[in-house]
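Engineer: I need the structure of the sequence given here:
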Amino acid sequence: MTMALNTASFGSILATILAVLFAVAGVVNLAGRGAVKRDFARWGYPAWFHLLCGTLELLSAALLAGQQTRVLGLALAGAIMVGALFTLVRNREPFRHLAPALLFSALVVVTVAVRG
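Structural biologist: The predicted structure is shown next:
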């Protein structure tokens, strides 16, 4: 019983960390400051695409924060990260740009694994 509680607590902590990270990323993308707009344009996305990404990241954060919606939040977060990694690899971004996406992706995978 203690192990199950510890695993559940660890999973909740990871989900909370992910929710915060996705919320911050969402706000950054929605703000669309210079580098964000330049990056999305350089990757060939339309001018409004950063708004879609920011909205989806905030939605993922909100879903991750709720116990009942966490699975949906993890699924959305995973889909976002697949898209982000695809974009970064396709555009041959340097590792310093790829590293945060890899970290976010690893946290999503670990959180899913802890959930069982």
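Engineer: and residue 44, what helix or strand is that in?
Structural biologist: Using DSSP states H and E, residue 44 sits within no helix or strand.
Engineer: Ranking helices and strands of the protein by mean pLDDT, which lands last?
Structural biologist: helix 2-31 (a mean of 88; mean pLDDT, DSSP states H and E).
Engineer: Report all helices and strands that it contacts.
Structural biologist: Using 3 or more CB pairs under 8 Å, 6 or more residues apart in numbering; DSSP states H and E, the elements in contact with helix 2-31 are helix 49-65, helix 70-90, helix 95-115. (Glycine included, C-beta is placed from N, CA and C.)
Engineer: Deepest in the core, which of those helices is it.
Structural biologist: Of all these, helix 49-65 has the most neighbours on average by mean count of other CB atoms under 10 Å, namely a mean of 20.
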